[in-house]
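Peer 1: Need a 3D model of the sequence below.
(3 chains)
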Amino acid sequence: MERKILLKNVDVPGIRTFEVYRSTGGYDSVEKALKKMTPDEVVEEVKMSGLRGRGGAGFPAGMKWSFIDKKSGNPRYLICNADESEPGTFKDRYLMEKLPHLLIEGMICSCYALGANTGYIYVRGEYKYIIGILNQAILEAYEKGFLGKNILGTAFNLDIHVHSGAGAYICGEETAQIESLEGKRGNPRIKPPFPAVVGLYGCPTVVNNVETLANIGFIVNNGGGEYAKYGVGKSTGTKLISACGNINNPGVYEIELGLSVREFLYDPKYCGGVKNGKELKAVIAGGSSVPILPASLILKTAAGEERLMTYESLADGGFVSGTMLGSGGFIVYDEDACIVRNTWNLARFYHHESCGQCSPCREGTGWMESVLHRIENGHGRTKDIDLLVSIASKIEGNTICPLGDAAAWPIASAIRHFRHEFEEHVLHPEKCINSTIRQFDDVTIS
Amino acid sequence: MLDKKINHPLHAKTDIPVRFSEETLERVRKIIERYPAGKQKSALLPLLHMAQEEFLGYLSVDVMDYIASLLEIQPIEVYEVATFYSQYYLDPVGKNVIEICRTGPCAICGGEAIQSYLEQKLAIKTGETTPDGLFTLKAVECLGACGSAPVMQVNTEFYEFLTEEKIDHILDDLRRKSSEEKPEASKWKEKFF
Amino acid sequence: MLKVTIDNQTIEVEEGTTILQAARLIGGAVVPPAMCYYSKLKDSGGKCRTCLVKVAQGSARDPRPMPKLVASCRTPVADGMVVQNITSQEVIDTRKAIVEFLLINHPLDCPVCDQAGECDLQNLSYENGREESRFEESKRTFKVIDIGDKIQLHMNRCILCYRCVYTADQLTNKRSHGILYRGDVSEISTYIQNDITNDFSGNIIDVCPVGALTDKTFRFKNRVWFLNPMNAHRSCTKCSGKVTAWMRGDEVYRVTGRKDQFGEVEEFICNECRFEKKDKEDWVIEGPRNIKRASVISQNHYLNARKPSVIIPLENRTESLEEYAKENSNENKIS
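Peer 2: I've put the predicted structure just below:
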């Protein structure tokens, strides 16, 4: 039985408008929170829900909220991180496009809980049309008295503004996003201090992902305990998974955490199996930054257990034989995919997106790309493979922000699981036909 | 590495008067009001988008200096930001900027072939502008539409599930539109800012 | 006061002290190298990653180790913290890797670089570098540009420490240079080759850890190790007028701020003192500065240096062992 929290009403015609959204019970949580609950009670419910940050790191949202500094007396801010830029991830775009009011409802409850009177939605610059949709929804919410002064006749005031990014993956990192929102280069800040203490304009700030905030309305309405009944163990609730690559049904799916990877990959309700009847070769399960896993390890753990779509199960085996749920960007590779070319492609991405602030990432990402480019183009040597492993290991963990890790993991894991393919590229480069470049075959999303 | 080249030639001089219209200036004031008093620098990114759209399609030095004066910040603070983000163009671009996604998920779904087809169709290399000034072709990183790969964005529009036939159709369409007046020239400001 | 142990040496420091500052209070080999941190520049540090250290014990209250190496320049100490710098192989290996990263695109043009002999990167790579380079790709190159008539920028040599940007931000009220572009093509620039015209702009030369920003009034005039650094002062209306005058015979070749043992200037000086006053008559010469014996600047300049092989019989020793060691330590007067 499929249970949904976020996308329950996604197919209701006109759900993007305030009236229709309100008629399906939308904004009820705002009334409940503002009129019947204290801010701390809202925080408690979110803690109890076990909701974990949906941006990629999976940090418990309620705990993040509880760190916010209330002693300083400075204004507090909530930033909605809509800078979705992780390759393979497009769930937030879908959510904002279809259900903009779900996000705004969640933000109102969240700002109330945090004591924030200003919220910003930081949308990546490429999503210009989304900005139009969000602005329209915000305008409606103001008109209906859910934003502005004295919301629903209470003492609570809240303004929400949309802020446009301008093309920088790094601005998805929360401190880089804060810098960018302040009109600066997207250079991540050195932590500590954390944004919950010193954030936007030096004030206490919480940065949450779109999907995280979209869940808050349900939690307020039904209680954290009810939310925690979804999912398994510490992976509570549902998760939006954006599936892409060589599959029959690419698209965004809301799954209850705990679904097996096999079912997600092969069930016609979801990915519907590998396209064109090809064999599965590998999967990147949580956006391009997480380790790639070969077919044998994505369906079952190294111990032979069924692999589930949960934070814990995907991470089973550590980085030796596991990966991460990350942001839920599920990229599938079929038997024809060239792992070397794909790894080079991702290395180029991280090289392009490094902010250049700290030396391991600035210098290392470019170096790795050059070496991979050499291997991909038939000029590699066997020792280059170890060189890559060595560079990656020296970037990992030694940078200011997680982009260094994100750049190192795909390369390290590709070599870990597909070393033979790299060696083959070095020894017999002519054998790879760059099978990634092939004719396009039309598909439709069901 | 950023596509912006080392030792980049600069476009300091433009022949147009660099000043927003009264209507745009009113929007500028509203944007600045979104941020706390004294934090007007926060409006820099949205304003650069507006300036790029309103003046030349790219950011020349005098346009950036104008934005600096509007926000009462040093010009270098604008240059630092404009050169950091990949959506701000520092070179003249064509009427339509085609941004084809080249990142992993698009690449495994035929994105690279589509990029070559575009180069062939437009008879330019990626990064160049057609002699008639209608199209600039850029390869960009993930546009966040991997489920409908291969994708490209032209101006603010997404084009998904690209095929060679679709490309033919899209290019014809854009050529036709470009010969007309710039469609609803001021509407973008209402919608996006 | 907080108690912190670095490489088995314990010291008490005030709250808010960083690990690096605590290590500097201890002194000697436990001090991590710092390429971007500059104590006199607010917000500097954290970027170059050469000062990464291992926190083996977070604090007395929470003794768990920190999961990653931390930038000692930006990490405040906690009471009971235990830090490993050169006693940790992981730290040493990482530092070696960081030096490699810093050098892959560096031109290694020390033979024609004015900074040679007083270059932090040169010292760092002597101490922590690899014997050979594993980087085979072509290095990125930038054009040499003038920023104003007194300062030259060799972007190829820059390690993007941001010190010059912070200096301009914090010492002057109109910053006209900054970091442009991003990633490994980031560069220090004024963008449209504006002059940096400010009374204190010359300090960006002093804070530069490498030869990226050099003094055009001194360019190719002499090697630093042929010059004698002398404490000198003059009465100046703009700055303290306390400088180091780099002299050969009676000629003043260049003027810089007075740098301490960690390579930081004691006081920032004005452009007039730095660029305009190149006559011995302009200065009151106080005497020679202390220079580390290990520095090439000290070459051939030692007075009363005793070769370590000369063993003085115990009975002839007038000073205590500690004093003897002190006298033979790195600090020596040069003529």
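Peer 1: Tell me which stretches of the stretch 101-250 of chain A form strands.
Peer 2: For the stretch 101-250 of chain A, the strands defined by DSSP state E, counting those that start in this stretch cover A:116-123, A:159-164, A:205-209, A:231-232, A:235-236, A:238-245.
Peer 1: In which helix or strand does A:Asn81 reside?
Peer 2: strand A:76-82 (DSSP states H and E).
Peer 1: That strand - what's its average pLDDT?
Peer 2: Averaging pLDDT along strand A:76-82 gives 98.
Peer 1: Output that strand as PDB - backbone C-alpha positions only.
Peer 2: Listed next in PDB are the C-alpha coordinates belonging to strand A:76-82 (Å, rounded to 0.1, in the frame of the first residue of the first chain):
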ATOM      1  CA  ARG A  76      16.300  35.100  13.200                       C
ATOM      2  CA  TYR A  77      16.000  34.000   9.600                       C
ATOM      3  CA  LEU A  78      14.800  30.900   7.800                       C
ATOM      4  CA  ILE A  79      16.300  30.200   4.400                       C
ATOM      5  CA  CYS A  80      14.700  27.700   2.200                       C
ATOM      6  CA  ASN A  81      17.400  26.000   0.200                       C
ATOM      7  CA  ALA A  82      16.000  25.700  -3.300                       C
END
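Peer 1: need the strands for chain B, in chain order.
Peer 2: Using DSSP state E, the strands assigned to chain B run over residues B:96-101, B:135-140, B:152-154, B:157-159.
Peer 1: Neighbours of A:Ile15, how many?
Peer 2: The number of residues packed near A:Ile15 is 19, by other C-beta atoms under 10 Å in any protein chain shown. In short, each C-beta sits where N, CA and C put it, glycine included.
Peer 1: For it, give me its contacts.
Peer 2: Counting by C-beta atoms under 8 Å, 6 or more residues apart in numbering or on different chains, A:Ile15 touches A:Asn9, A:Tyr21, A:Thr24, A:Lys98, A:Leu99, A:His101.
Peer 1: Output the below-cut-off pLDDT ranges for the chain.
Peer 2: Answering for chain A, as no chain was given. Applying pLDDT under 70 to chain A flags residues A:1, A:433-446.
Peer 1: my question was about chain B
Peer 2: B:1-15, B:181-193.
Peer 1: Domain-wise, how is it divided?
Peer 2: Domain assignment for chain B by automatic domain parsing gives B:1-91, B:96-179.
Peer 1: Just name the most buried of those domains.
Peer 2: domain B:96-179 (a mean of 20; mean count of other C-beta atoms under 10 Å in any protein chain shown).
Peer 1: Tell me where the longest helix sits in chain B.
Peer 2: Scanning chain B for the longest helix, with DSSP state H as the assignment, gives helix B:164-179.
Peer 1: Please provide the alpha-carbon coordinates for that one, formatted as CSV.
Peer 2: Taking Å, rounded to 0.1, in the frame of the first residue of the first chain, the C-alpha atoms of helix B:164-179 are listed here in CSV:
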residue,chain,number,x,y,z
GLU,B,164,17.4,16.0,-33.6
GLU,B,165,13.9,16.6,-35.0
LYS,B,166,12.9,18.6,-31.9
ILE,B,167,16.1,20.7,-32.3
ASP,B,168,15.2,21.5,-35.9
HIS,B,169,11.7,22.5,-34.8
ILE,B,170,12.9,24.6,-31.8
LEU,B,171,15.5,26.5,-33.9
ASP,B,172,13.0,27.3,-36.6
ASP,B,173,10.6,28.5,-34.0
LEU,B,174,13.2,30.7,-32.4
ARG,B,175,14.3,32.2,-35.7
ARG,B,176,10.7,33.1,-36.5
LYS,B,177,10.1,34.6,-33.1
SER,B,178,13.3,36.6,-33.2
SER,B,179,12.3,38.2,-36.5
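Peer 1: how far does that helix sit from the chain's center?
Peer 2: Taking C-alpha atoms, centre = their mean, to the nearest Å, one finds the center of helix B:164-179 at 19 Å from the center of the full chain.
Peer 1: elements contacting that helix?
Peer 2: Applying 3 or more C-beta pairs under 8 Å, 6 or more residues apart in numbering or on different chains; DSSP states H and E, one finds that helix B:164-179 makes contact with helix B:111-122.
Peer 1: So which of the contacts of A:Ile15 belong to helices?
Peer 2: Short answer: those in helices (DSSP H) are A:Tyr21, A:Lys98, A:His101.
Peer 1: Save the residues you listed as TSV, and put in neighbour count too.
Peer 2: Output for the ones in helices among the contacts of A:Ile15, formatted as TSV (neighbours: other C-beta atoms under 10 Å in any protein chain shown):
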residue	neighbour count
A:Tyr21	24
A:Lys98	18
A:His101	25
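Peer 1: now, which of those sits nearest chain C?
Peer 2: Checking the ones in helices among the contacts of A:Ile15 against chain C with C-beta to the nearest C-beta, the nearest one is A:Lys98 at 32.9 Å.
Peer 1: Leaving out sequence neighbours, find the closest residue to that closest one.
Peer 2: The shortest distance from A:Lys98 to any non-neighbouring residue, by C-beta to C-beta, 6 or more residues apart in numbering or on different chains, is to A:Val10 (5.1 Å).
Peer 1: what's near enough to touch A:Tyr333?
Peer 2: Neighbour list for A:Tyr333: A:Gly245, A:Asn246, A:Leu280, A:Lys281, A:Ala282, A:Val283, A:Ile284, A:Ile292, A:Ile339, A:Asn342, B:Ile108 [criterion: C-beta under 8 Å, 6+ apart].
Peer 1: Highest neighbour count among those?
Peer 2: The residue in the contacts of A:Tyr333 with the most neighbours, by other C-beta under 10 Å, is A:Ile284 (31 neighbours).
Peer 1: is it true that it touches A:Ile298?
Peer 2: No. Contact criterion C-beta atoms under 8 Å: A:Ile284 and A:Ile298 do not qualify, at 9.3 Å.
Peer 1: so what's in contact with these two at the same time?
Peer 2: Common neighbours of A:Ile284 and A:Ile298 (C-beta under 8 Å, 6+ apart) are A:Thr323.
Peer 1: and the gap between the spatially most central residue of chain B and chain A?
Peer 2: By C-alpha atoms, centre = their mean, chain B has its centre lying nearest to B:Gln87, at 5.4 Å. If you measure B:Gln87 against chain A using C-beta to the nearest C-beta, to the nearest Å, the figure is 4 Å.
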